[in-house]
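S.K.: prediction below, plus the sequence it came from.
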Amino acid sequence: DAGVTQSPTHLIKTRGQQVTLRCSPKSGHDTVSWYQQALGQGPQFIFQYYEEEERQRGNFPDRFSGHQFPNYSSELNVNALLLGDSALYLCASSLDSGTGTDTQYFGPGTRLTVL
Amino acid sequence: GDSVTQMEGPVTLSEEAFLTINCTYTATGYPSLFWYVQYPGEGLQLLLKATKADDKGSNKGFEATYRKETTSFHLEKGSVQVSDSAVYFCALSANYGQNFVFGPGTRLSVLP
């Protein structure tokens, strides 16, 4: 049973560029959440996708956008990159039980460096 | 808003020592509580969880009890090993799991 997978593992971009990160959820999961983890800090919630729609969003600007596909995989897009966007981006998947989701399972992350 | 506070690290222990990492939370309603562990260069792994007051989560010798009266979820292990060296994150899930709130993490180093 494959866990959560993310690609690429590492990425280097320059300021002002755009980036797309990808995530495939754990088999049987239908909900994908994205987190930003700066060095030495805990993950910060970016947004969550369920049924191909953004269900909830954290305190991140509109430069951060996402998408969920019919197979439940997801993309995170960041436009107009800033130096401060350098971080580990984590994807987590979970199963919506009808009364909400619970345990989230995390992928290994994508390390983004903005120069 | 919801928040999680953890004891600041780093925590350095000798092998076979007793471990406690304190975690307290602030949340509306009745959140689920989690401990995740992050080994160097890896993503987060679920260590244990508790979904209601007085529940005890346990895994790999680690335990934590959901204390509603003190809004705490302290992580304990009776005898740590070098392989337990990692960063430990306390987290809560409110609003029916629509987002997780993480603490800042506590780095544990276990020396042989």
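M.R.: Received, thanks.
S.K.: residue ranges with poor pLDDT in the chain?
M.R.: Assuming you mean chain A. Confidence mapping of chain A against pLDDT under 70 gives the ranges A:1, A:98-102.
S.K.: switch to chain B, that's the one I care about
M.R.: For chain B, the ranges with pLDDT under 70 are B:95-98.
S.K.: what's the following helix or strand after the longest strand out of those in it?
M.R.: The strand that spans the most residues within chain B, counting by DSSP state E, is strand B:86-94. The C-terminal neighbour of strand B:86-94 among helices and strands, as given by DSSP states H and E, is strand B:99-102.
S.K.: from the chain's centre, how far out does that next one sit?
M.R.: 13 Å (CA atoms, centre = their mean, to the nearest Å).
S.K.: hmm, back to that, any residues touching the longest strand of chain B, and which ones?
M.R.: Applying CB atoms under 8 Å, 6 or more residues apart in numbering or on different chains, the set of residues contacting strand B:86-94 from outside is A:42-43, A:101-102, A:104, B:2, B:4, B:6, B:9, B:21, B:23, B:25, B:27-29, B:31-40, B:44, B:47, B:73, B:75, B:99-103, B:105-108. C-betas here are computed from N, CA, C, even on glycine.
S.K.: in strands, which of the residues you listed fall?
M.R.: Going by DSSP E, the strands hold B:4, B:6, B:21, B:23, B:25, B:32-38, B:44, B:47, B:75, B:99-102, B:106-108 from the contacts of strand B:86-94.
S.K.: ok, what's across the strand from the spatially most central residue of chain A?
M.R.: A centroid search over chain A (CA atoms, centre = their mean) returns A:Trp34, at 2.9 Å, as the residue closest to the centre. Counting by DSSP bridges, A:Trp34 is bridged to A:Phe47, A:Cys91.
S.K.: you'd agree it is up against A:Phe47?
M.R.: Yes: taking CB atoms under 8 Å as the definition, A:Trp34 is a contact partner of A:Phe47 at 5.9 Å.
S.K.: between those two, what contacts are shared?
M.R.: Joint contacts of A:Trp34 and A:Phe47 (CB under 8 Å, 6+ apart) are A:Gly66.
S.K.: who in chain A is up against chain B?
M.R.: A:4, A:33, A:35, A:40-45, A:48, A:55-56, A:58, A:90, A:92, A:94, A:99-109 (CB under 8 Å from any CB of the partner chain).
S.K.: give me the buried entries from those residues.
M.R.: A:4, A:33, A:35, A:42-45, A:48, A:55, A:58, A:90, A:92, A:94, A:100-109 (16 or more other CB atoms under 10 Å in any protein chain shown).
S.K.: now do the buried residues in stretch A:20-34.
M.R.: A:Leu21, A:Arg22, A:Cys23, A:Ser24, A:Pro25, A:Lys26, A:His29, A:Thr31, A:Val32, A:Ser33, A:Trp34.
S.K.: with stretch A:62-70 instead?
M.R.: Buried residues in stretch A:62-70 (16+ other CB under 10 Å): A:Phe64, A:Ser65, A:Gly66, A:Gln68.
S.K.: ditto for stretch B:46-57
M.R.: B:Leu46, B:Leu47, B:Leu48, B:Lys49, B:Ala50, B:Gly57.
S.K.: cool, stretch B:29-42 as well?
M.R.: Buried residues in stretch B:29-42 (16+ other CB under 10 Å): B:Pro31, B:Ser32, B:Leu33, B:Phe34, B:Trp35, B:Tyr36, B:Val37, B:Gln38.
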